[in-house]
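Colleague: sequence and predicted structure, then a few things I'm wondering about:
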Amino acid sequence: MRYTYQQRQDRRENQGDGGLGVFVQLMPILILILVSALSQLMVSSPPYSLSPRPSVGHVHRRVTDHLNVVYYVADTFSKEYTGSSLKTVERNVEDDYIANLRNNCWKEKQQKEGLLYRARYFGDTDMYHKAQRMGTPSCNRLSETMKSLENFW
């Protein structure tokens, strides 16, 4: 009886620290949320996009000088980016364009190889011929882009 009473007393005394204990346990989660929110505020969106994005204001069409890549910018772009900063942006546009072509080329090749594999596995000659005829336009554009880069250098 005395032991049970003593345990209850101990629990009541420890419950006084419950608010601080919960706060200490939640502290890592609160720090993660705070860091995440601050990082979102510090990251700015790029000054361009490779497709029109009216929601961000990228509606004005431009073309890079070197590879003739079409990109879209906001109203204030021409005031903010001139000279070397414009060249840097155009280089980034072209790098993004080439990276997109590489990714799309890889996807197209995977699709074609998957279709060829299924055609061979199932013995479907129609599917096999369809896979053979399947084009890879991103790979073709990537090849042309890389050739124009070689000619430039």
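Modeller: The structure has been received and is ready for your questions.
Colleague: what's the spacing between residue 96 and residue 67?
Modeller: Per Cβ to Cβ, to the nearest Å, residue 96 is found 11 Å from residue 67. In this view, the C-beta of every residue, glycine as well, is placed from N, C-alpha and C.
Colleague: so what's residue 58 up against?
Modeller: Applying Cβ atoms under 8 Å, 6 or more residues apart in numbering to residue 58 gives the contacts 48, 49, 52, 72, 73, 74.
Colleague: dihedrals phi and psi, it?
Modeller: phi -90, psi 90 (degrees, to the nearest 10).
Colleague: ok, now residue 48?
Modeller: Per degrees, to the nearest 10, the backbone of residue 48 is at phi -150, psi 170.
Colleague: surely it touches residue 70?
Modeller: No - applying Cβ atoms under 8 Å as the test, residue 48 and residue 70 come out as separate, 10.4 Å apart.
Colleague: shared neighbours of those two, anything?
Modeller: Counting by Cβ under 8 Å, 6+ apart, the contacts common to residue 48 and residue 70 are residue 62.
Colleague: so these two - more neighbours on which side?
Modeller: residue 48 (22 against 13; other Cβ atoms under 10 Å).
Colleague: and the more buried one, how far from residue 100?
Modeller: Applying Cβ to Cβ to residue 48 and residue 100 gives a distance of 13 Å.
Colleague: cool, and residue 73?
Modeller: 17 Å.
Colleague: neighbour count winner among those two?
Modeller: residue 73 (21 against 15).
Colleague: correct me, but residue 56 touches residue 45?
Modeller: Yes - using Cβ under 8 Å, residue 56 is in contact with residue 45, at 6.2 Å.
Colleague: and these two? Which one has more around it.
Modeller: Neighbour count, other Cβ under 10 Å: between residue 56 and residue 45, residue 56 has more, with 14 against 11.
Colleague: so what pLDDT did that one get?
Modeller: You'll see residue 56 listed with a pLDDT of 89.
Colleague: that one: what secondary structure?
Modeller: coil (DSSP: H, G, I helix; E, B strand; the rest coil).
Colleague: residue 72 now?
Modeller: Going by three-state DSSP: residue 72 is strand.
Colleague: give me the number of residues near it?
Modeller: 20.
Colleague: what's in contact with stretch 90-110?
Modeller: Contact partners of stretch 90-110, identified using Cβ under 8 Å, 6+ apart, comprise 46, 48, 50, 64-67, 69, 71, 135-139, 141-142, 145.
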